[in-house]
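Asks: Structure for this input, please:
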Amino acid sequence: MSPRHPLHCPAKKKFVLTDTDTTPETPSPETPSFDQLGLSPQTLTVLAAIGYEEPTPVQVGVIPVALEGKDVLGQARTGTGKTASFAIPILERLDRVDGSGHVQAVILVPTRELAVQVQNEFVRLAEGRKTRSVALYGGHPIRRQMEKLKKGVEIVVGTPGRVLDLIGRQALDLSHVKVAVLDEADRMLDIGFRPDIEKILRRCPQARQTLLLSATVPPPIERLANRYMQEPVMMNFSAEEVAVETIVQYYFTIDHSQKFDLLTKLIEREQPAQAIIFCRTKRGTERTYQKLTKKHDGVGSIHGDMMQRQRDQVMARFREGKVRYLVATDVVGRGIDVTSISHIINFDIPQDCDDYVHRVGRTARMGRDGVAYTFVTPEEGIELTRIEVRIDRLLLQDKMDGLEPASMQVTEVVEKVDDDRPKPPPPLYTRGGRGPKRHRRGV
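Replies: This next block holds a predicted model:
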């Protein structure tokens, strides 16, 4: 943590490689090609057809080990190609001549949107194969999902709640599973899915292969791995810094009443290729969406009060580029991989440090550049400081012509000298500039 920040915001525990004998070496600057990873000609043909030119570091590390049938515990953020890193080995290892229709792979994910995205990736990668997959999640008629399972599928991608529901209805049998994947495992534990995950894993054969992928590896993830994985190969693909280096990050100080004016001026100035505008509440998301549609075409919204069918339609239009500005809550803060997103706008500053990291991570995908803007009201200086502590970086202050920046409330840290008399506080910031040292902001 940088010494300039007196405010403590707990950082996530960094996963440390401990199995040096089995951990792959760090990939050399000359990245191997897909045909050096031991893949079948059929898979190589599909990868070339869908535009996969060269593997990412996560794919280079995970694919060969997973093809050997070993368990993998990988630390990697979204946007690094990790979906293909487990999907490709699963498709290679499935018993395609079985014809029984038994479920052979189960992939658990935290959100409905991610379930749809992962299942779509399986469909793309399985081109030319007879492999069948299905996405299982709440918000869609369960009977329709039961009918698909009855016809026979080899791959199930689902949220833990719906998967467990279908197991309880005896519509889903996991007794023939060869591979179980926990994707975004830290997020699933954060939202309380651990009991469901454990019940599902106990339904799978003990001899299965388990792949656990997570942006962070806190103690609960380690305990889960120790209990349900067999001598996993441990890999860390996370960069030293939490925030992606290719994301330029700015903030505006603005009164709450001027936020929407700032948003419209920012869009006019930046002309984003595609942007996600994050709001804190469902009501605020809907209000911002309604106002923005009166000024711009190609606006969509996603929040928890919408029906799943509506959310799927908006995401499909966003991926196709028909929606240019997506106003959303943190429901899309993780796991949504749209490479054309150029801008992230935090209309409301997130209260949680990690929510900020995941929000801005929606841009700069697959090595592309991106930019993030955060709107900070005068009383939210403390939240801004927490974010800067978390990412160990100062956000750059930006200004908008025609809008006067709001005065930031500042609470200074008073140090004491030996005789217990307080030292004079450092100079306060002036509007439009910062002092050489950042102190606590906000009340």
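Asks: Can I get stretch 68-81 as CSV, trimmed to CA atoms?
Replies: Taking C-alpha atoms only, stretch 68-81 is exported to CSV below (Å, rounded to 0.1, in the frame of the first residue of the first chain):
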residue,chain,number,x,y,z
GLU,A,68,-4.1,-34.1,-18.8
GLY,A,69,-7.1,-34.4,-16.4
LYS,A,70,-5.5,-32.6,-13.5
ASP,A,71,-7.4,-30.3,-11.1
VAL,A,72,-6.6,-26.6,-11.6
LEU,A,73,-7.0,-23.7,-9.2
GLY,A,74,-6.4,-20.6,-11.3
GLN,A,75,-6.4,-16.9,-10.2
ALA,A,76,-7.4,-14.8,-13.2
ARG,A,77,-9.6,-11.8,-13.7
THR,A,78,-12.3,-11.6,-16.3
GLY,A,79,-11.3,-10.5,-19.8
THR,A,80,-8.3,-12.8,-20.0
GLY,A,81,-9.8,-15.5,-22.0
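Asks: how would you label the residue nearest to Thr83 when sequence neighbours are not counted: helix, strand or coil?
Replies: Closest residue in space to Thr83, ignoring its immediate chain neighbours: Glu121 at 5.0 Å, by C-beta to C-beta, 6 or more residues apart in numbering. The way it works is simple: take the backbone N, C-alpha and C, and place the C-beta from them, glycine included. What DSSP: H, G, I helix; E, B strand; the rest coil gives for Glu121 is helix.
Asks: In contact with Glu121, which residues?
Replies: Applying C-beta atoms under 8 Å, 6 or more residues apart in numbering to Glu121 gives the contacts 83-84, 87.
Asks: Which one of those residues is nearest to Glu320?
Replies: Thr83 (19.0 Å; C-beta to C-beta).
Asks: isn't there a helix covering the closest one?
Replies: Yes - counting by three-state DSSP, Thr83 is found in a helix.
Asks: Pull the number of nearby residues for it.
Replies: Using other C-beta atoms under 10 Å, Thr83 is surrounded by 25 other residues.
Asks: go on, Lys150?
Replies: A count of nearby residues for Lys150, using other C-beta under 10 Å, gives 10.
Asks: next one: Gly304
Replies: Residues lying near Gly304 (other C-beta under 10 Å) number 11.
Asks: Which of the three states applies to it?
Replies: Secondary structure assignment for Gly304 (three-state DSSP): coil.
Asks: Adding distance to Gln230, write the contacts of Glu121 out as a markdown table.
Replies: Output for the contacts of Glu121, formatted as a markdown table (distance: C-beta to C-beta, whole Å):
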| residue | distance to Gln230 |
| --- | --- |
| Thr83 | 23 |
| Ala84 | 24 |
| Ala87 | 21 |
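Asks: for the stretch 1-150 of the chain, what spans make up the strands?
Replies: 72-75, 105-108, 133-136 (DSSP state E, counting those that start in this stretch).
Asks: what's the burial count for the residue nearest to Thr80 when sequence neighbours are not counted?
Replies: What sits nearest to Thr80 in space, not counting adjacent residues and going by C-beta to C-beta, 6+ apart, is Val58, at 4.7 Å. Using other C-beta under 10 Å, the number of residues around Val58 comes to 24.
Asks: Hmm, Val58 is touching Gly74, no?
Replies: Yes - Val58 is within contact range of Gly74, at 7.0 Å (criterion: C-beta atoms under 8 Å).
Asks: Show me where the stretch 201-350 of the chain dips below the pLDDT cut-off.
Replies: Where the stretch 201-350 of the chain drops to pLDDT under 70, the residues are 238-246, 333-337.
Asks: which residues of it fall in strands?
Replies: Listed in chain order, the strands of the stretch 201-350 of the chain (DSSP E, counting those that start in this stretch) span residues 209-214, 233-236, 247-253, 275-278, 299-302, 325-328, 343-346.
Asks: would you turn those into CSV with mean neighbour count and distance to Gly101?
Replies: Output for those, formatted as CSV (neighbours: other C-beta atoms under 10 Å; distance: least, C-beta to C-beta, whole Å):
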stretch, mean neighbour count, distance to Gly101
strand 209-214, 24, 20
strand 233-236, 22, 31
strand 247-253, 20, 44
strand 275-278, 26, 39
strand 299-302, 22, 34
strand 325-328, 26, 37
strand 343-346, 24, 42
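Asks: List the residues that contact Ala115.
Replies: 109, 135-137, 157-159.
Asks: mind running it again at 7 Å?
Replies: By C-beta atoms under 7 Å, 6 or more residues apart in numbering, the residues touching Ala115 are 109, 135, 137, 157-159.
Asks: if I look at it, how far off is Ser257?
Replies: Distance of Ala115 to Ser257, computed by C-beta to C-beta, to the nearest Å: 39 Å.
Asks: Would you mind measuring from Lys178 to Gly192?
Replies: 28 Å.
Asks: Those two: who's more crowded?
Replies: The residue with more neighbours, out of Lys178 and Gly192, is Lys178; 20 against 10, by other C-beta under 10 Å.
Asks: Please verify my assumption that the more buried one contacts Gln104.
Replies: Yes - the criterion here is C-beta atoms under 7 Å, and Lys178 meets it with Gln104 at 4.9 Å.
Asks: Tell me which stretches of the stretch 101-250 of the chain form helices.
Replies: 112-125, 142-151, 160-168, 185-190, 194-203, 219-228 (DSSP state H, counting those that start in this stretch).
Asks: Now the fifth one: buried residues?
Replies: By that I understand helix 194-203. Using 16 or more other C-beta atoms under 10 Å as the test for burial, helix 194-203 gives 194, 196-197, 200-201, 203.
Asks: returning to that earlier point: what sits against the residue nearest to Thr80?
Replies: Applying C-beta under 7 Å, 6+ apart, the residues near Val58 are 74, 76, 80-82, 85, 237.
Asks: Hmm, which of those residues is lowest in pLDDT?
Replies: Minimum pLDDT across the contacts of Val58 is recorded for Thr80, with 75.
Asks: who does Leu212 bridge with?
Replies: Counting by DSSP bridges, Leu212 is bridged to Leu73, Leu182.
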